[in-house]
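In: sharing a sequence plus its predicted fold:
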Amino acid sequence: MAPNNSIEYDADELEAPAWLDDEFFTKVMRNCETDAKDLHLNKLELFPATLKGDHYASVMFRAVVEYQCDGQDKTKRLIVKTMPFEDGNKKDVFEESIIFETEIGMYTQVLPRFEQILRDVGDDTILRAPILFHELSPRKIIIFEDIVPLGYEVLRGRYANAEEIKQSYVKLAKWHAISYKINIEEPGYFDEYHIGIFSMPNLEGNLLVTHGIDALIQQLETMPAMRKYLPFIQSIQGKLYEGTKRTAKEYFDAPKEDAIYVLCHGDFHDKNMMFKRDPNSGKLLDVMLLDFQLSFVGPLVSDLIYSYFLMLDSEQRGDFEQWLYFYYTHFKETLQKIGFEGRIPSLLQLHEQRWQHRYFELFLLMTYLPAWTTIRRGEADLEGAFTSNAVHKQLYADEEFLEEFEKLMRKYLHLGYFEEN
């Protein structure tokens, strides 16, 4: 199964585990063809599902299954998602997590309910790709319909354009609005969605996550023109990660009366989206949100801040207030449309709470953005970023990152992000 151009794929996706065999996929097909009297496989092909750097928490394969069902030849194209199985950082970080339990719940319970709420008010928005099979034992696995044959594509070699960003924020706004209403009217409904990425049991000590600010300081010390920022960074050095964790855990640990809590996507960036266009006109028809393993209840601004760094380019970040306004109009409109009778949060609250969670924003600037910059250029070595001091250090010497870092640092200084409450 291993492709010739293996450098383009994650090493743990070059060879599928032996248990992904004809017997297993026969079980999957029987789960899809529940009325079949006779079913057997004719051919099975497995390939890596994504390119290197597209994802990290799972191992994914694309499967083409040719089978015969009650005398009729059929073909299914599938996306197979399972837990990391090779020894290494990925397995260490995620093997004790509940990311598969979270995603299965999202696909089978939460998102179907969200879609039905929209259908009831005449909105046909699709919030999930078709899920065909899942189990947690003997192995954690989820199988989806491959939506590439349906016309959906991932973005390659570029950032999302304005049209794509708008459609992405529209879907997020609808998702957030529905979950905001449910969370207020049915307390406890989302209680099982309490572990996002910053609540993972084995994340502490990770190079990228908990030592990024140290690498940044070391880099800036070698750059006379950038040393002026060191006192500000050093003033929050011991607070940055703890402040980020407080944001992630706030709803369950110390909820605030004036906060806006929703079910967050948790990993909202355009590599977790696929876009469908009209093949003739090129018009954008849909954006499909993917990967709900890190969904959690938390401050509404969490997904928005995340998208600021992981979906927008430098120029688009300069227009973030415009994107926030666009998002908010659809959030408010959806709440009204689905019959929410409580007090609708104001746009001013969004801006205020963005500042309240500024440590999370600064954390993403100083830890995620260096790695994301190289991922965007197709130069990702995520495993190295998590485990190799040399690779991790190199991220902070990247000229593109440093240029954007200086631009944003000036902005945050002017906004008072380094001042005490």
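Out: Structure's in. What do you need?

In: from Leu310, how far out is the residue most central in space within the chain?
Out: Residue closest to the mean C-alpha point of the chain, counted by C-alpha atoms, centre = their mean, is Asp267 at 2.2 Å. Asp267 sits at a distance of 8 Å from Leu310 (criterion: C-beta to C-beta, to the nearest Å). All C-beta spots, glycine's among them, are computed from the backbone N, C-alpha and C.

In: again with Ile99
Out: Distance, Ile99 to Leu310, by C-beta to C-beta: 18 Å.

In: more neighbours: the two, which one.
Out: A count of neighbours by other C-beta atoms under 10 Å puts Ile99 above the other of Ile99 and Leu310, at 23 against 19.

In: average pLDDT across the helix of greatest length in the chain?
Out: If you go by DSSP state H, the chain has its longest helix at helix 162-185. Mean per-residue pLDDT for helix 162-185: 98.

In: can you name the element that comes right after that helix?
Out: Under the assignment DSSP states H and E, the closest C-terminal helix or strand after helix 162-185 is helix 207-210.

In: so what secondary structure elements neighbour that next one?
Out: Applying 3 or more C-beta pairs under 8 Å, 6 or more residues apart in numbering; DSSP states H and E, one finds that helix 207-210 contacts helix 382-387, helix 389-395.

In: buried set for it?
Out: For helix 207-210, the neighbour count (16 or more other C-beta atoms under 10 Å) marks 207-209 as buried.

In: what are the buried residues along the helix or strand following that helix?
Out: Downstream of helix 207-210, the next assigned helix or strand under DSSP H and E is helix 212-220. Buried residues in helix 212-220, counted by 16+ other C-beta under 10 Å: 212-213, 215-217, 219-220.

In: likewise for stretch 194-213?
Out: Across stretch 194-213, burial judged by 16+ other C-beta under 10 Å covers 194-200, 203, 206-209, 212-213.

In: again with stretch 125-133
Out: Quick answer for stretch 125-133 (16+ other C-beta under 10 Å): 127-129, 131-133.

In: among the residues you listed, which one lies nearest to Trp372?
Out: Closest approach to Trp372 among the buried residues of stretch 125-133 (C-beta to C-beta): Ala129, at 23.8 Å.

In: my read is that the closest one contacts Val148, right?
Out: No: the criterion here is C-beta atoms under 8 Å, and Ala129 misses it with Val148 at 10.6 Å.

In: identify the contacts common to the two.
Out: Listed as contacting both Ala129 and Val148 by C-beta atoms under 8 Å, 6 or more residues apart in numbering is no residue at all.

In: so what sits opposite the nearest residue to His176 once chain neighbours are set aside in the bridge?
Out: Among residues not flanking His176 along the chain, Val262 sits closest, at 4.3 Å (C-beta to C-beta, 6 or more residues apart in numbering). Taking DSSP bridges as the rule, Val262 bridges to Gly298.

In: Gln72 now?
Out: On the basis of DSSP bridges, Gln72 is bridged to Cys69.

In: next: His134.
Out: Bridge pairing for His134 - DSSP bridges - gives Ile142.

In: distance of it from Lys181?
Out: According to C-beta to C-beta, His134 and Lys181 sit 27 Å apart.

In: now the strands for the stretch 251-400 of the chain?
Out: Using DSSP state E, counting those that start in this stretch, the strands of the stretch 251-400 of the chain run over 261-264, 273-277, 284-289, 296-299.

In: of the ones you listed, which is nearest Arg77?
Out: For these, the distance to Arg77 is smallest for strand 273-277, at 13.9 Å, taking C-beta to C-beta.

In: what's the closest one packed up against?
Out: Helices and strands touching strand 273-277, by 3+ C-beta pairs under 8 Å, 6+ apart, are strand 152-153, helix 162-185, strand 284-289.

In: quickly compare those and say which is most buried.
Out: Mean neighbour counts were compared across those using mean count of other C-beta atoms under 10 Å; the top stretch is helix 162-185, at a mean of 20.

In: alright, calling it a day.
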